[in-house]
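Participant: need coordinates for the below:
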Amino acid sequence: IEQRAWLQQILGKYEQSAEDFKHLIQFFPENVSYISGRGLTSLLHGNYRSALEDWNRAMDLDESPPVYCCRALTYRRLDKVEQANKDISQAIKLAQEQYQEAPNEHRNTCNLGLYYVIVRKLDKAKFFYQEVLMRSVSISTLRDAIDDLARLLIILPDHPHTAEMKGFLESALSLRRIKL
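Facilitator: Next up, the predicted model:
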């Protein structure tokens with residue numbers, strides 16, 4: 001069911017994805033990944049109140065940078081700018097701390113790039129994306145970073161620099177595949 005829930009989300013079948021995550025949460029009510037999955041599905045589908053409930057529940061279980069980021073995006077869609085800014089700042093702070101402790105954790109480094117795209121600090125976003133490219137990040141991690149930017153374009157379609165940064169990473173992915 002878990003794989004189907006994520007696949008349904010990727011395919012834009014948000015109602016089916018939310019239903020699958022609902023069943024998973026019934027069996028595993030403390031699983032942050034399932035709660036976050038449903039929250040992201042709701043956010044992508046435009047069910048912001050439902051998404052916010054899931055982000056708050058996930059936050060009770062694990063105050064992680066991705067949860068802060070997604071809740072910030074939800075607040076932004078609800079026009080709660082102050083809360084959005086507070087949460088994205090917290091996501092950056094926590095991710096920066098993780099980066100200092102474990103700079104080779106490429107997923108976190110990609111997340112920092114995403115967070116800086118969100119706050120429109122393109123120079124910092126490029127720094128973190130270039131950092132992972134110089135460290136030969138795996139193709140799957142690079143693909144995940146591209147998917148995150150694609151989701152950001154769904155949530156905030158007119159957000160500046162998102163498409164540009166997505167194109168930059170897609171070019172890097174194409175070059176990496178050519179070398180293989």
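Participant: my guess is Asp54 meets Arg38, correct?
Facilitator: Yes: counting by C-beta atoms under 8 Å, Asp54 touches Arg38, with 5.2 Å between them. From N, CA and C alone the C-beta is placed, and that goes for glycine too.
Participant: ranges for the helices of this protein?
Facilitator: All helices of the chain, identified by DSSP state H, fall at 2-10, 14-27, 32-45, 48-61, 65-77, 81-101, 106-118, 122-134, 139-155, 162-179.
Participant: what helices and strands are in contact with the longest one?
Facilitator: For helix 81-101, the elements it packs on are helix 65-77, helix 106-118, judged by 3 or more C-beta pairs under 8 Å, 6 or more residues apart in numbering; DSSP states H and E.
Participant: roughly how far is that helix from the heart of the chain?
Facilitator: 13 Å (C-alpha atoms, centre = their mean, to the nearest Å).
Participant: so what's the residue most central in space within the chain scoring on pLDDT?
Facilitator: Closest residue to the average C-alpha location of the chain: Asp148 at 5.0 Å, with C-alpha atoms, centre = their mean. Confidence at Asp148, expressed as pLDDT, is 97.
Participant: wait, what's in contact with the closest residue to it other than its chain neighbours?
Facilitator: Once flanking residues are discounted, Asp148 sits nearest to Leu114: 5.2 Å by C-beta to C-beta, 6 or more residues apart in numbering. Applying C-beta atoms under 8 Å, 6 or more residues apart in numbering to Leu114 gives the contacts Cys69, Ala125, Ala145, Asp148, Leu149, Leu152.
Participant: mind listing what Asn108 touches?
Facilitator: Asn108 makes contact with Pro65, Ala95, Gln98, Tyr99, Ala102 under the criterion C-beta under 8 Å, 6+ apart.
Participant: make that Ile92, sorry
Facilitator: Counted by C-beta under 8 Å, 6+ apart, Ile92 has contacts Pro65, Leu112, Tyr115, Tyr116, Val119.
Participant: what does Ile146 give?
Facilitator: Taking C-beta under 8 Å, 6+ apart as the contact definition, Ile146 lies against Lys166, Leu169, Glu170, Leu173.
Participant: any low-confidence regions in this protein?
Facilitator: 177-180 (pLDDT under 70).
Participant: follow-up on the earlier one: where's the residue nearest to Asp148 relative to Glu53, distance?
Facilitator: Using C-beta to C-beta, to the nearest Å, Leu114 is found at 23 Å from Glu53.
Participant: please apply the same query to Gln9.
Facilitator: In this view, Gln9 and Glu53 are 17 Å apart by C-beta to C-beta.
Participant: more neighbours, these two?
Facilitator: The neighbour count for Gln9 versus Glu53, taken as other C-beta atoms under 10 Å, is higher for Gln9 (22 against 16).
Participant: what sits against the nearest residue to the more buried one once chain neighbours are set aside?
Facilitator: Using C-beta to C-beta, 6+ apart and skipping the chain neighbours, the partner closest in space to Gln9 is Ser17 (4.2 Å). Listed by C-beta under 8 Å, 6+ apart, the contact set of Ser17 reads Ala5, Trp6, Gln8, Gln9, Gly37, Arg38, Thr41.
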